[in-house]
Structures are given as C-alpha cells and as structure tokens.
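A.B. asks: what shape does this take:
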Amino acid sequence: MKVRFRLAVALAFLLCGCLVGGAFAATKRITPHAHGGKQKIYIGSKSFTYHKASKQMPLVFRLKGPTPLRVLSRHLYDPMAKPQKVTYRFNVEIDGVVLRTAEETAVVSKQALRVGEGPVGTLEKAVFQVPAGEHTVKIYPSDQGETVAFRVYMGTAKKSATTWIPFSPETYVQAVRVHSGERESTCYRFSQTAPVAFTVEGPLRIKIGTRLDFGAENGTSQTYGIRVALDGKPWKSFGMKSKASHTVVYPDMTEVTPGLERTVALSIPAGRHKVEIYLDRAAVPTASLRILAAQKDLRTGRGTGGRTPRR
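C.D. replies: Numbering: from 1, shown residues only. Here you go, the predicted structure:
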C-alpha cells in the first residue's frame, strides 16, 4: 500500500509539472522557456544566473494563478556608455494584455559585476499579482534598445504572515468612507496636482491600495497610473487598469463609483523620508487610496516616526 501511495503522489506531481504555480505554492524560481540569453552576475565569489530581456526578446513562461509574482531586475549598462543614474521601465504582460508597467531607478552597483562586460545596475524589486487561471506571461523592457536582466519568483515564502496595519497620511484632498460588504475602511482622495503625503522612518514596507473614481460619463473601465516622489524627487511610477466595482461604495458620495482596488508595494529606504503619491495618466480628476504598513517594521522602532497608526 505504501508503494502505491508513493507512486500516486509522484504521478500527481508529474501531471501538475506542466504549469508553474498554484494558489498555495511556496516561493519558487521561474525559468522562462524563452528569453534573450543567460547573464552571469557575480557578487564576490558567488555567481547568480539572470535571464536577459529586450522589447524584441521578452521573457516568456506559463504560470498558474492566483499567485504573487516577484520580479528582480538589474539594468545592464552599455560597455561604451558612461555609467550614470538611469530610469528604466518594464511591462508584465498576461495573455497579451499589460498587467502593469513598473518604473525603476538604478545606479551602478558597487558589488555586482559582469566579467569582461559593462557595469551592472543595483538590484530593484517589484511585486505583481497574477489572477486565477492558467496564463502566458511575458516580461520585457518598455523602451527600444533597453536590455534588462531578470530573476522571477512566484508564490509566497514559507514564513509567518506579515500583519499590515493602516495609518493616516498627513496631507490629502479628502478622507472618505468606503463600504465593501459589511466592512468599512477609510481612504484618502488625491489628484494629479494634490498628492497624498506622509513622513515615515525607514526601512519600512508599505502597501498602497488605489481606487479610481468612476462617474456617469467615464465608462466602467479605465487605465491610470500613480507616481511616487521620495523627498521631493521622482522615485517610482506604476501603470494600472481598473474597472468600476459592483460591490464597493462611497456612502457619502453616491454619485461616484469606486474602482476595483489595485495594490502596489513599496520599500522605504533607511532614514526619515517624505513620500508623496500623485495620480498620473488618468482621464478622471481624482482617485482614492489607503496605506498599509508592515506591523513588524513599526514594532522595531521604524515606521511612522512616533505617530500612532490607524487601527
């Protein structure tokens, strides 16, 4: 009986092996079946294999959701160009539709290098949420002529769950109540010129959940973006697509329909920083957001700089 059971388990794994992923998968490195070539990057005596991608030669792989998708990227500098601070963008495309465009800012890494080739950029991280179902995923730089090295992981790590707690920003257009079923939360409205702003002590992990405003004249589906400034300078930019929600309402603004929430993750660097979040590339004037901070980071003396988070 034991032999039969083991054979059944092995067969189940083989049958599931044609797709990467699953709702309860632990963190796992994804190897794309198409890419622009392998790239060895060295940090000290250790080497790490990345996969290169360009707009013409993307990373391509199959994936089963729902699952988080963690994308590590490094800008590959032209050996003939002068190394300097660069901003690059890359798309995560699911079944032919761009899920989100991430914007990263990198400088030349002081530790990582390519033997006999040009400099390597600092390691940048972005997290995407892949919806349920089986998907073809492509990852590629947005700009022609750009080459980026990627390492991609799916699933969640085998560790204790992070507790996320909300807190209120210092500056915003308006605080609004949001009802979803029997739950109520507070969101903060912002625009392309009037940001949500707050000051925190890093390092700190935060999540920004945004909802686009839908009215009677702007349909039920829109693309938009948010841009994030750190200490008054451009830092991150995200592109998203939203649909009007059928289950979430603003009880105090019945003329406005909230969009489905779209979430991005940010890692605030060490030190005291001012964060400003602006609406970007939107056909509507306003949106709302909520901010969640990792409770563990706050408990270690970092985070809201002594302010009490909202509970």
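A.B. asks: identify the residue spatially nearest to the residue positioned nearest the centre of the chain, adjacent ones excluded.
C.D. replies: Geometric centre of the chain, nearest residue: V127, 3.4 Å, by CA atoms, centre = their mean. Excluding the flanking residues, the one nearest V127 by CB to CB, 6 or more residues apart in numbering is A265, at 4.7 Å. Heads up, the C-betas are built off the backbone N, CA and C, glycines and all.
A.B. asks: wait, what's in contact with E261?
C.D. replies: 209-211, 248 (CB atoms under 8 Å, 6 or more residues apart in numbering).
A.B. asks: and with 7 Å instead?
C.D. replies: The contact partners of E261, by CB atoms under 7 Å, 6 or more residues apart in numbering, come to 209-211.
A.B. asks: could I get the residues you listed as TSV with pLDDT?
C.D. replies: Shown next, in TSV, are the contacts of E261 (pLDDT from 0 to 100):
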residue	pLDDT
G209	94
T210	94
R211	93
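A.B. asks: out of those, which is nearest to I226?
C.D. replies: T210 (6.0 Å; CB to CB).
A.B. asks: show me the helices in the chain, by range?
C.D. replies: Listed in chain order, the helices of the chain (DSSP state H) span 2-16, 295-299.
A.B. asks: low pLDDT regions in the protein?
C.D. replies: Counting by pLDDT under 70, the chain contains low-confidence ranges at 1-26, 156-160, 216-219, 299-311.
A.B. asks: using the record's assignment, carve it into domains.
C.D. replies: 21-154, 164-299 (automatic domain parsing).
A.B. asks: okay, now A132: neighbour count?
C.D. replies: Burial of A132 is recorded as 10 neighbouring residues (other CB atoms under 10 Å).
A.B. asks: how about R211: which residues does it bridge to?
C.D. replies: S288 (DSSP bridges).
A.B. asks: go on, V176?
C.D. replies: C187.
A.B. asks: that one reaches M253, doesn't it?
C.D. replies: Yes: V176 is in contact with M253 according to CB atoms under 7 Å; the separation is 6.4 Å.
A.B. asks: so which of these two has more stuff around it?
C.D. replies: The neighbour comparison of V176 against M253 (other CB under 10 Å) goes to V176, with 20 against 16.
A.B. asks: quickly note the distance from that one to P258.
C.D. replies: Going from V176 to P258 by CB to CB, to the nearest Å gives 9 Å.
A.B. asks: list the residues that contact both of these two?
C.D. replies: By CB under 7 Å, 6+ apart, V176 and P258 have these common neighbours: 250, 288.
A.B. asks: quick one: contacts for P169?
C.D. replies: Here P169 is in contact with 188, 196-198, 291 (criterion: CB under 7 Å, 6+ apart).
A.B. asks: check V152 too.
C.D. replies: So V152 contacts 30, 59, 69, 71, 139 (CB under 7 Å, 6+ apart).
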